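Chemist: What follows is a predicted structure for the sequence shown.
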Amino acid sequence: MKRGAARARGRAALFASRGAADPWDDDATPRHGRADATDGAESAPRGPRRRRSRPRRSLAARLRLLVVWLAAGAAGLAAGVRASEPIVARLRPQLLAVERVALVGAERVKDEEVVAALGLRSGTPVLAVDAGELRRRLEALPWVARARVALLRPGRVLVALEEREPVAVALLGSPPTRWWLDSEGVPFLPVGVADARGRAVVVGPEDAKPRAPDPRLAEGVAVARALAAHALPPVREVRVGRDAPSRLPALVLASGTRVTLGPGDLDRKLARLAALLAAGRPEVAAAFEIDLRFGDRMVLRSGPPPADGGGVAAAGGRPPAPYAEAAGKPGLPKTGG
């Protein structure tokens, strides 16, 4: 008894020295430092406990979430439909068969030509249609520059065509054959003499191939278009082949006079030619060749034309002795640019 009382007095003295209450004392403050609610004052009754409410999403956020869910559902539905197509095609082939072909952009190409090129028949399974192969067949037609083919389910095929625009007539081969020439320099279809009336004729190189793009023929098309931009009268020929490269391109006017343009500076040369022809000088009418290759000099060559009708073929463009030159003579238009 005496030993237990001594221990109690020792603990009380220890906690008293530290400024804390004895944790074994029932009247002391609880061990964790929280005071009893009944100490010093009468405790108030507790009210109902409130729950924390989550912030509500805004209308825009809910709409975005709805769009995401709808997109995911549509993607899943499309994937399911696409995965089920082989099964449907095997069980109910009439549901995925080609029934109609819609054609857009065809003016010169006939419907029968398109149908024959496609090679599709009513009832052909859509899954057996190769859109790339159909496009290649359509682009093999002479008037078709580019084609697009789209498979629209159920049972529809959409065909969109971009047709070629004839801008000139090309002379190809030996003996020369007339071909329609498009803006890209592709001779795509033979034509008759009557069909080519009023069109510029581009004399191409002998090795130019039909239905194949050629940069030299494309140059001839550019020259033919530039003539109209400078208000020049129609010409008989635009030559981009069958002569020395230094003498090309060249023109053959309606009178038979050859105009040697040579490489480069096309617009300036055509402007000078337009001024010369508008002057109406007799020297110009008597010349068989107008040479515009020498910068500010404009050379007129007169005398009997060569037997081949292609102008002077002397190296460097210098005429032989019998031919007369006129460059910057009085009465001629100024040759400066």
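Modeler: Looks like it came in fine.

Chemist: hey, let's count contacts and neighbours off CA atoms from now on
Modeler: OK.

Chemist: what's the distance between Leu189 and Trp180?
Modeler: Applying CA to CA, to the nearest Å, the value for Leu189 to Trp180 is 5 Å.

Chemist: Repeat that for Val252.
Modeler: Distance, Val252 to Trp180, by CA to CA: 19 Å.

Chemist: Neighbour count for these two, which is higher?
Modeler: When Val252 and Trp180 are compared for neighbours, Trp180 comes out ahead with 28 against 23, by other CA atoms under 10 Å.

Chemist: List the buried residues for the helix or strand encompassing the more buried one?
Modeler: For Trp180, the host element (DSSP states H and E) is strand 177-181. Of all the residues in strand 177-181, those buried under the rule 16 or more other CA atoms under 10 Å are 178-181.

Chemist: Going through those residues, which one is the model least confident about?
Modeler: Within the buried residues of strand 177-181, pLDDT reaches its minimum at Arg178, with 89.

Chemist: Can you get me a residue count around the nearest residue to that residue once chain neighbours are set aside?
Modeler: Nearest residue to Arg178, sequence neighbours excluded (CA to CA, 6 or more residues apart in numbering): Leu171, at 4.9 Å. Leu171: 24 surrounding residues under other CA under 10 Å.

Chemist: contacting residues around Leu171?
Modeler: By CA atoms under 8 Å, 6 or more residues apart in numbering, the contact set of Leu171 is 177-179, 201-204.

Chemist: Where does it sit: helix, strand or coil?
Modeler: Following DSSP: H, G, I helix; E, B strand; the rest coil, the label given to Leu171 is strand.

Chemist: Quick check: the gap between it and Val202.
Modeler: On the measure of CA to CA, Leu171 and Val202 end up 6 Å apart.

Chemist: my read: Pro190 touches Trp179, true?
Modeler: Yes: counting by CA atoms under 8 Å, Trp179 is a contact partner of Pro190 at 4.2 Å.

Chemist: so what strands line up beside the helix or strand that comes right after the strand holding Trp180?
Modeler: Note on strand 177-181: by DSSP H and E, the next helix or strand toward the C-terminus is strand 187-190. Sheet pairing of strand 187-190 (DSSP bridges) gives strand 177-181 (antiparallel).

Chemist: Show me the contact partners of the strand it pairs with.
Modeler: With contact meaning CA under 8 Å, 6+ apart, strand 177-181 is reached by 166-172, 187-193, 210, 221.

Chemist: do the same with stretch 110-123
Modeler: Residues outside stretch 110-123 that contact it (CA under 8 Å, 6+ apart): 94, 97-100, 134, 137-138, 141.

Chemist: and these, which are buried?
Modeler: Buried members of these, counted by 16+ other CA under 10 Å: 94, 97-100, 134, 137-138, 141.

Chemist: Stretch 112-125 spans what distance, first to last residue?
Modeler: Start-to-end span of stretch 112-125 (CA to CA) is 21 Å.

Chemist: Next, the buried residues of it.
Modeler: 114, 117-118, 120, 124-125.

Chemist: just checking, which of the residues you listed belong to helices?
Modeler: Under the assignment DSSP state H, those contribute 114, 117-118 to helices.

Chemist: Okay, now the unreliable bits of the stretch 151-300 of the chain?
Modeler: 153, 193-194 (pLDDT under 70).

Chemist: where along it do the helices fall?
Modeler: In the stretch 151-300 of the chain, the helices defined using DSSP state H, counting those that start in this stretch lie at 215-229, 266-279, 282-286.

Chemist: Please look at Val259 and Val284 and confirm they touch.
Modeler: No: the criterion here is CA under 8 Å, and Val259 misses it with Val284 at 11.0 Å.

Chemist: Please identify which of those two sits among more neighbours.
Modeler: Higher neighbour count among Val259 and Val284: Val259, with 25 against 19, using other CA under 10 Å.

Chemist: returning to what we had before: of the buried ones among the contacts of stretch 110-123, closest to His230?
Modeler: Using CA to CA, Leu141 comes nearest to His230 of the buried ones among the contacts of stretch 110-123, at 34.9 Å.

Chemist: which one of the ones in helices among the buried residues of stretch 112-125 is nearest Ser58?
Modeler: Distance to Ser58 across those (CA to CA) is lowest for Leu118, with 54.2 Å.

Chemist: Report pLDDT for that closest one.
Modeler: Here the pLDDT value assigned to Leu118 is 90.

Chemist: which regions of the stretch 1-150 of the chain lie under the pLDDT threshold?
Modeler: For the stretch 1-150 of the chain, residues meeting the criterion pLDDT under 70 lie at 1-57, 74-96.

Chemist: can you rerun that using 50?
Modeler: Along the stretch 1-150 of the chain, segments meeting pLDDT under 50 span 14-18, 20, 22-24, 26, 28-41, 80-81, 83-85, 87-94.

Chemist: Find the nearest non-adjacent residue to Pro215, please.
Modeler: Nearest non-adjacent residue to Pro215, counting by CA to CA, 6+ apart: Gly185, 6.6 Å away.

Chemist: typo on my end, it should be Pro233
Modeler: Excluding the flanking residues, the one nearest Pro233 by CA to CA, 6+ apart is Leu227, at 7.6 Å.
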